[in-house]
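Q: Take this sequence and fold it.
(one chain, ligands or ions: 1)
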Amino acid sequence: MECFCEQKETYELKVEGDIGADPIWCNKCGCNLDIGLISNTLTNELIEWDEDKLLPNGIELEEEHNKQGLTLTDKIKKELEGKYRIKFSPSTMARMYANKNH
Ligand SMILES: [Zn+2]
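A: Just a heads-up that it's a prediction; the model follows:
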């Protein structure tokens, strides 16, 4: 996977939902990676998951969203087995909103 790291390529990926960008990132330098290395079916699932925007104070919704993200990460791991190390980075946005209100 081509990247902006010192090595110019990365085998350590991170799945993190971020509105407006593909949800696959380099775990070393944090740059956004091309989603094209996984199958079309899985890409569509990822994009749907990524676009599933959070409601303010929706902590339960966010936990559900993170569970789905974890499931998708496992599917990506299976597709890219042996090539990449992939970890899931759960969203904590709703929790941050909640803490601000107390
Ligand atoms: Zn990188």
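
Q: The longest helix along the chain - contacts with which helices or strands?
A: Longest helix in the chain by number of residues (criterion: DSSP state H): helix 59-79. Counting contacts by 3 or more CB pairs under 8 Å, 6 or more residues apart in numbering; DSSP states H and E, helix 59-79 packs against strand 12-15, helix 40-51, strand 85-88, helix 93-100. All C-beta atoms are positioned from the backbone trio N, CA, C, and that covers glycine.

Q: how about it: buried residues?
A: 62, 65-66, 69, 72-73, 76-77 (16 or more other CB atoms under 10 Å).

Q: Closest one of those to the ion?
A: Nearest to the ion, judged by CB to the ion, of those is residue 76 at 17.0 Å.

Q: Pretty sure that closest one sits against residue 42.
A: Yes. Applying CB atoms under 8 Å as the test, residue 76 and residue 42 come out as touching, 6.5 Å apart.

Q: ok, residue 37 - how many residues close by?
A: Residue 37 has 15 neighbours, counted by other CB atoms under 10 Å.

Q: And it, how far from residue 67?
A: As judged by CB to CB, to the nearest Å, residue 37 and residue 67 stand 24 Å apart.

Q: repeat for residue 41
A: 20 Å.

Q: what's the answer for residue 8, then?
A: Between residue 8 and residue 67 the computed distance is 35 Å (CB to CB).

Q: again, but for residue 18
A: 18 Å.

Q: Contacts only, for residue 31.
A: 3-5, 25 (CB atoms under 8 Å, 6 or more residues apart in numbering).

Q: quick check, nearest of these to residue 13?
A: Checking the contacts of residue 31 against residue 13 by CB to CB gives residue 25 as the nearest, at 6.9 Å.

Q: Next to the ion, which bits of this structure? Give me the list.
A: Within reach of the ion by CB under 5 Å from the ion, the chain has these residues: 3, 5, 10, 26, 28-29.

Q: Using ChimeraX, define a selection of the buried residues within those residues.
A: This is how ChimeraX selects the buried members of the residues of the chain next to the ion, with burial counted by 16+ other CB under 10 Å:
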select :3,5,10,26,28
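
Q: Thanks a lot, catch you later.
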